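> Turn this into a structure:
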Amino acid sequence: KDFTDSENSTMSGSEAHLVLRLLPIVSVIIIMVFLVKPVKVTPFRCLPVRPSLQESSFWIDYSNVPVVLVLLLLACQALTPSQVIEAMAGDANLQPYAIIILFFALAYLCVSLDITGCFDYISVKAIKRTSSSRTKLFFLIIGLSSALTVVTSNDIVILTITPIICSFTRFIKIDPYPFLYAEFFVANVWSMALFIGNPTNIIVGEAYSIGFLEYSAWMILPTIAAGVTTIVSLYVLFFKDIAPQIHTEIDLDENTFLKDKKGAIFGGVCMGTCLVVLMCSSLIPIPLWTICVIFAGLMLMKDIHNDYHLLLKVPGSEVYEMEEEFETRGRSRRSLTTSMSEDSLYEEHIPIRTISAQNSILNRLSTTSTWAVIARLPWKILPFVFCIFIIVYDLQVFGWTHEIAKLLASVISSAQTPETEIITATFLIGSLSTFMCNVLNNQPMTILFTGILRDYSLSSFSIHTTRGMLFSLIIGSNLGANFTLIGALAGIMWNALLEQRNLSVSYLQFLKYGCLVMTQVVVVTLATLSLELIVHRHFF
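Residues are numbered from 1 along each chain as shown. Reported below is the predicted structural model:
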């Protein structure tokens, strides 16, 4: 009987451990479900409360579901508070907080520059030069999206160029979809070129301490190969749609889109200088995120300075009048000879005006450019990425990443020669990451695979094989976003922008175009990377 009780207790313990091991995987699946299909909740609709409260609602989506799941993992003891702290702090090579700071600093730089109307001005001015040719317009959109992606990021380009394409295609009465697909696809291709082009690049680069110039040195050839293949594939696919001439003249004044010329110049110089300093970061003993924070701080001070002069120093505004009133009262008080004390005079007359003026200030501050930039920052990504880091750390604690790493190591080590080992590693990780992008979304996938590639099971391979794995992961995280709408957050945002303008792209339609364009792009890009690594191994 004692032996039976002991055996049952052991079985119960092993079953409980298995359940705890499965909880992080289940958590990832639940996050992906709500990432694809967020749910709108109106909790007070059936309750006897005032109508305004009945209509109040909130979304259950990728920004709050991960937080709830992390709390549940803590409650189930599948995760401990110390592990949460360790996951967020990271180690010597990968610090999640540094990645988040770097990403938001770059986002502030880009959004602040966009607020000035700089990108709209460049886009409209360029579009006007296409005259009546759809083909010229098609290649112009591709060139513009590619260039802006290289110097900013894919998310910024998609959020900026998409509304412009929707507007001018409606104005000149042509099909917008060839231009929209072209813009989206090339943005996710050319985002591989620089370290800052995509948050997934930053995640891998920070994990392996890859410098800004070192990153571009390895990725520029695969990016060019991917870019050329993408452009050719898009042209072949949409040739019939872009062949006809445009019969409506594009009559737009680009100057009306430039809201702040001085701010655009300052922002452009600030962004350009930031890129130059990042390129020289290997010579400067300063972390990349610190460099980005410095330049984002300069842009923030510029925005606050502009808002101060536009808001607080405009004659006729309530705030201006309040300041004038304080100065007038101060002069009056100094000349008073009555027995009324200054304190009682101040207390009797000032508060009412102060309260109304303070309310006015709060209302006006909500319309400033600084507030507009802050409001446009992707705040939902903050809890999402942090919680994904925590859940992936939990997968590592329970040994899942180690098991996957051992399986990958066994496949790669089966190669007979160093060259075939490089090719096997590059195509294996590149193909898997591209596929898993469309199962997990590219950011969670990149965080997961970064943890897998850092496992000791994959640490015994040569430096060229290791580079093949990590750079093919970057390729998969970028190109994988072009296969389905859920491959990246950019796809979800892009589709939402289209729905706001009464345009629709079905998941199947996007998958069809994604497979037709991107399949050969992935193969060519991974082949270019493999060839680059093999040549470097033999000659350098």
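
> okay, CA-based contacts and neighbour counts for the rest of this
OK.

> What's the separation between Thr465 and Val68?
Taking C-alpha to C-alpha, to the nearest Å as the measure, Thr465 and Val68 are separated by 39 Å.

> of the two, who's got more company?
Between Thr465 and Val68, Thr465 has the larger neighbour count (other C-alpha atoms under 10 Å), namely 24 against 13.

> can I assume the more buried one is in contact with Glu421?
Yes: using C-alpha atoms under 8 Å as the test, Thr465 is close enough to Glu421 to be in contact (6.7 Å).

> check contacts around the nearest residue to Met445 once chain neighbours are set aside.
Spatially, and ignoring its direct neighbours in sequence, Met445 is nearest to Cys437 (5.9 Å; C-alpha to C-alpha, 6 or more residues apart in numbering). When contacts are counted by C-alpha atoms under 8 Å, 6 or more residues apart in numbering, Cys437 is found next to Gln443, Met445, Gly476, Ser477, Gly480, Ala481, Gly487, Ala488.

> Which pLDDT value goes with Arg467?
Confidence at Arg467, expressed as pLDDT, is 96.

> wait, I meant Glu321
47.

> related to what we said a few turns ago, how close does the residue nearest to Met445 get to Gly197?
If you measure Cys437 against Gly197 using C-alpha to C-alpha, the figure is 17 Å.

> now Val204
If you measure Val204 against Gly197 using C-alpha to C-alpha, the figure is 12 Å.

> same deal with Asp241?
Computed with C-alpha to C-alpha, the distance linking Asp241 and Gly197 is 30 Å.

> what comes into contact with the helix or strand containing Ile99?
If you go by DSSP states H and E, Ile99 is part of helix 96-115. For helix 96-115, the surrounding residues in contact (C-alpha under 8 Å, 6+ apart) are 87-90, 119-120, 152, 156, 160, 196, 199, 202-203, 206, 259, 263-264, 267-268, 271, 288-290, 292-293, 295-296, 299, 303, 369-370, 372-374, 376-377, 382, 386, 389.

> Can you list the buried residues in the helix or strand just after it?
Moving toward the C-terminus from helix 96-115, the first helix or strand encountered (DSSP H and E) is helix 118-128. Buried residues in helix 118-128, counted by 16 or more other C-alpha atoms under 10 Å: Cys118, Phe119, Asp120, Tyr121, Ile122, Ser123, Val124, Lys125, Ile127, Lys128.

> Same question for stretch 31-45.
Along stretch 31-45, these residues count as buried under the neighbour rule (16+ other C-alpha under 10 Å): Ile31, Met32, Val33, Phe34, Leu35, Val36, Pro38, Phe44, Arg45.

> Any idea how far that stretch is from the middle of the chain?
Its chain's C-alpha centre lies 21 Å from the corresponding centre of stretch 31-45 when counted by C-alpha atoms, centre = their mean, to the nearest Å.

> got the CA coordinates for that stretch in CSV?
In CSV, the C-alpha atoms belonging to stretch 31-45 read as follows (Å, rounded to 0.1, in the frame of the first residue of the first chain):
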residue,chain,number,x,y,z
ILE,A,31,-1.6,35.5,-27.4
MET,A,32,-1.5,34.7,-31.2
VAL,A,33,-5.3,34.1,-31.2
PHE,A,34,-6.0,37.6,-29.8
LEU,A,35,-3.3,39.1,-32.0
VAL,A,36,-5.1,37.9,-35.0
LYS,A,37,-8.7,38.5,-33.7
PRO,A,38,-9.0,41.0,-30.9
VAL,A,39,-12.3,41.1,-29.0
LYS,A,40,-14.3,44.2,-28.2
VAL,A,41,-16.0,44.0,-24.8
THR,A,42,-18.9,46.1,-23.6
PRO,A,43,-19.3,44.9,-19.9
PHE,A,44,-22.0,47.3,-18.9
ARG,A,45,-24.4,46.9,-21.8
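
> hmm, back to that, neighbour count winner among Asp241 and Gly197?
Neighbour tally, Asp241 and Gly197, criterion other C-alpha under 10 Å: the higher count belongs to Gly197, 26 against 16.

> So for the more buried one, what's the pLDDT?
Note on Gly197: pLDDT of 89.

> Identify the residues contacting it.
When contacts are counted by C-alpha under 8 Å, 6+ apart, Gly197 is found next to Thr149, Val150, Val151, Thr152, Ser153, Asn154, Trp190, Ser191.

> now do Gly227
With C-alpha under 8 Å, 6+ apart as the criterion, the residues that contact Gly227 are Val186, Val189, Trp190.

> about what we covered before: tell me the angle of the helix holding Ile99 relative to helix 118-128?
The directions of helix 96-115 and helix 118-128 differ by 50 degrees, with axes from the mean of the first three to the mean of the last three C-alpha atoms, to 10 degrees as the criterion.

> Ends of stretch 244-260, what's the gap?
In stretch 244-260, first residue to last residue: 37 Å (C-alpha to C-alpha).

> Tell me the secondary structure at the residue nearest to Met445.
State at Cys437, reduced to three classes by DSSP: H, G, I helix; E, B strand; the rest coil: helix.

> circling back to that earlier point, looking at the buried residues of stretch 31-45, which is nearest Ser133?
Val36 (37.5 Å; C-alpha to C-alpha).

> Quick check, the closest one in contact with Ile486.
Yes: with contact defined as C-alpha under 8 Å, Val36 and Ile486 form a contacting pair (6.3 Å).

> tell me, what's touching the two both at once?
Shared contacts of Val36 and Ile486, defined by C-alpha under 8 Å, 6+ apart, comprise Ile492.

> Now Phe185: which helix or strand?
Here Phe185 sits within helix 177-190, counting by DSSP H and E.

> Following the chain onward from that helix, which element is next?
For helix 177-190, the following helix or strand on the C-terminal side (DSSP H and E) is helix 199-207.

> And that following helix, what does it pack against?
On a contact count with 3 or more C-alpha pairs under 8 Å, 6 or more residues apart in numbering; DSSP states H and E, helix 199-207 meets helix 96-115, helix 442-453, helix 463-479.

> Out of these, which gets nearest to Arg501?
Nearest to Arg501 among the helices and strands packed on helix 199-207 is helix 96-115; the distance by C-alpha to C-alpha comes to 20.4 Å.

> How far does that closest one sit from its chain's centre?
How far helix 96-115 lies from its chain's middle: 9 Å, per C-alpha atoms, centre = their mean.

> the inter-axis angle of it versus helix 199-207?
Between the axis of helix 96-115 and that of helix 199-207 there is an angle of 140 degrees, by the same axes, to 10 degrees.

> Let me know the angle separating helix 96-115 from helix 442-453.
In terms of direction (the same axes, to 10 degrees), helix 96-115 departs from helix 442-453 by 150 degrees.

> For helix 96-115, give the mean pLDDT please.
Rounded to a whole number, the mean pLDDT of helix 96-115 is 86.

> if we can go back for a sec, redo the helices and strands packed on helix 199-207 as CSV? Include distance to Thr528.
Output for the helices and strands packed on helix 199-207, formatted as CSV (distance: least, C-alpha to C-alpha, whole Å):
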stretch, distance to Thr528
helix 96-115, 28
helix 442-453, 21
helix 463-479, 11
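
> how many other residues sit next to Cys46?
Residues near Cys46, counting by other C-alpha under 10 Å, number 9.
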